[in-house]
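A.B. asks: Build me a structure from this.
(2 chains)
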Amino acid sequence: DAMVIQNPRYQVTQFGKPVTLSCSQTLNHNVMYWYQQKSSQAPKLLFHYYDKDFNNEADTPDNFQSRRPNTSFCFLDIRSPGLGDAAMYLCATSSLPTSGGALRDTQYFGPGTRLTVL
Amino acid sequence: AQSVTQPDIHITVSEGASLELRCNYSYGATPYLFWYVQSPGQGLQLLLKYFSGDTLVQGIKGFEAEFKRSQSSFNLRKPSVHWSDAAEYFCAVGDSGNTGKLIFGQGTTLQVKP
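C.D. replies: Predicted coordinates for the structure are as follows:
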């Protein structure tokens, strides 16, 4: 039944040690999003993939990268995690038309990965 | 730029009491509005959404929300709260571009007293 799956659920890394978070979906949605949510804050969009097109938010640090090898999978890479990167990372998916125009489809969220940086 | 304000950071209600969580948005055109709920350590679950049509929207778990354009509001309501409703609630508006990006409010933490 799981539609958006995130692995691992909990990740501990050391300061400066690269880490990769994984997201997969069974919905066949063409858009995948990565949000960062710090404690007691709202989720903040880092970037999203519209099919294979990568769209970075203007204020997303270069330390954060993403890969989408196919429709089902999307990865978040943190090249050199700092203490300030400790957060919950949420993956979401939605279906937008490929023929142009806006469609406000629902975003479906995964359970998140809690990242701890030591 | 679009924005969402949830004026109440924390709300406590007694089990069985009614609930209203406030949400105000700033948006030039017809907004696309959502309410999500997040239990501790979990992802976000959609409660309901408004795209167009009837301004009173029914959602899951007995929640409803009413879109009021004149007040730029989309308040969430439930007539009788259950202990399991204790969670964080986020109101969000869809971005005006073609990305489907969501802009979230700061969230309201709901505590339910026995």
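A.B. asks: Where does the prediction get shaky in chain A?
C.D. replies: A:1-2, A:97-104 (pLDDT under 70).
A.B. asks: Torsion angles phi and psi at residue 57?
C.D. replies: With no chain named, the answer covers chain A. Backbone torsions for A:Glu57, taken as degrees, to the nearest 10, come to phi -70, psi 150.
A.B. asks: wrong chain, I was asking about chain B
C.D. replies: Here is the backbone geometry of B:Val57 (degrees, to the nearest 10): phi -110, psi 130.
A.B. asks: what's the neighbour count on it?
C.D. replies: Other residues near B:Val57 come to 20 when the count uses other C-beta atoms under 10 Å in any protein chain shown. The C-beta positions use only the backbone N, C-alpha and C, and glycine is treated the same way.
A.B. asks: same deal with B:Lys61?
C.D. replies: Counted with other C-beta under 10 Å, the neighbours of B:Lys61 add up to 12.
A.B. asks: can you check B:Lys78 too?
C.D. replies: 21.
A.B. asks: That one and chain A, how far apart?
C.D. replies: 20 Å (C-beta to the nearest C-beta, to the nearest Å).
A.B. asks: what's near enough to touch the nearest residue to that residue once chain neighbours are set aside?
C.D. replies: Spatially, and ignoring its direct neighbours in sequence, B:Lys78 is nearest to B:Leu19 (4.6 Å; C-beta to C-beta, 6 or more residues apart in numbering or on different chains). B:Leu19 makes contact with B:11, B:13, B:76-78, B:81, B:85, B:110 under the criterion C-beta atoms under 8 Å, 6 or more residues apart in numbering or on different chains.
A.B. asks: Mind listing the residues bridging to A:Trp34?
C.D. replies: Assessed by DSSP bridges, A:Trp34 has beta-bridge partners A:Phe47, A:Cys91.
A.B. asks: Return the residues of chain A in contact with chain B.
C.D. replies: Within chain A, the residues that sit near chain B (C-beta under 8 Å from any C-beta of the partner chain) are A:4, A:6, A:31, A:33, A:40-45, A:48, A:50, A:55, A:90, A:92, A:94, A:96, A:100-112, A:114.
A.B. asks: Okay, strands next: where are they in chain A?
C.D. replies: Ranges of strands within chain A are A:4-7, A:10-13, A:19-25, A:31-37, A:44-50, A:53-56, A:64-67, A:73-78, A:87-94, A:108-109, A:113-117, based on DSSP state E.
A.B. asks: Make CSV from those and add mean neighbour count to it.
C.D. replies: Listed next are those as CSV, based on neighbours: other C-beta atoms under 10 Å in any protein chain shown:
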stretch, mean neighbour count
strand A:4-7, 19
strand A:10-13, 14
strand A:19-25, 19
strand A:31-37, 24
strand A:44-50, 20
strand A:53-56, 13
strand A:64-67, 17
strand A:73-78, 19
strand A:87-94, 24
strand A:108-109, 22
strand A:113-117, 19
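A.B. asks: one step back: can you tell me how far the residue nearest to B:Lys78 sits from B:Ser73?
C.D. replies: Separation of B:Leu19 from B:Ser73 (C-beta to C-beta, to the nearest Å) stands at 15 Å.
A.B. asks: pLDDT-wise, which helix or strand of chain B ranks last?
C.D. replies: None of the helices or strands of chain B scores lower by mean pLDDT, DSSP states H and E than strand B:102-104, at a mean of 90.
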